[in-house]
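# coordinates for the following, if possible.
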Amino acid sequence: MVRHGFIALFLFLASPLAAHAQSAAAANITADIRCLIASLSSGNSNDETVKTAGFLASLYYLGRLDGGAPNLDLESRMIAEIDKMTPEDVRSEAARCGSTMQARGAAFSEIGNHLVERGQKLFQQSQPPANR
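Here you go, the predicted structure:
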C-alpha cells in the first residue's frame, strides 16, 4: 500500500515538473530564435565588423536551434517572432545575445588555455631526460 502511495505521489509531482521542463525548453527555443533574428539583422549594417559578428552569431544560434530542436519549423517560428519584435526589441535582444556569446567565448578561450597547458605538459613529459 505504501508503495502505491509513493507511485501516486511521484505521478502527481512528475506531471508539473515535466510541464515546467517543456515550457523552459520552449522559452529557450524562442530566445534562441530571437537571437538568430537579431544577429541576422546586423547584415544591414554599414560596418563590416558588425556584419561579420552578426554572421558568426547567426551560425552559433542556428547551431543551438538545430542541436536542440532539429525538427523545428524554423521559418514559421522566425516569421512569428519577427511579427512580434519592434526595432527596440531587436536592439535589446542583440545586447542580450551578445552578452551570452561573450560569456561562451570566454569559457571557450579558457578551455583553449587549459588544452594548451595540458599539451605543453604532455610534450615535456615525452622528452628524453637529457632534453628537459
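
# tell me which helix or strand residue 61 sits in.
helix 48-68 (DSSP states H and E).

# tell me the buried residues in that helix?
With burial defined by 16 or more other Cβ atoms under 10 Å, the residues of helix 48-68 counted as buried are 53-54, 57-58, 60-62, 64-65. Any C-beta I mention is one placed from the backbone N, CA and C, and that applies to glycine too.

# do the same with stretch 27-42
29, 31-42.

# looking at those residues, which is nearest residue 84?
residue 34 (8.9 Å; Cβ to Cβ).

# contacting residues for that closest one?
Counting by Cβ atoms under 8 Å, 6 or more residues apart in numbering, residue 34 makes contact with 81, 85, 89, 93, 97.

# quick check: which ranges of this structure have low pLDDT?
1-22, 24, 131-132 (pLDDT under 70).

# ok, the residue lying closest to residue 36 once chain neighbours are set aside to residue 116 distance?
With sequence-adjacent residues excluded and distances taken as Cβ to Cβ, 6 or more residues apart in numbering, residue 36 is closest to residue 61, at 4.2 Å. Residue 61 sits 28 Å away from residue 116, going by Cβ to Cβ, to the nearest Å.

# what does residue 109 give?
In terms of Cβ to Cβ, residue 109 sits 11 Å off from residue 116.

# residue 51 now?
31 Å.

# next, the contact list for the most centrally placed residue in the chain, please.
In the chain, the C-alpha closest to the average C-alpha coordinate belongs to residue 64, at a distance of 5.1 Å (Cα atoms, centre = their mean). Residues near residue 64 by Cβ under 8 Å, 6+ apart: residue 32.
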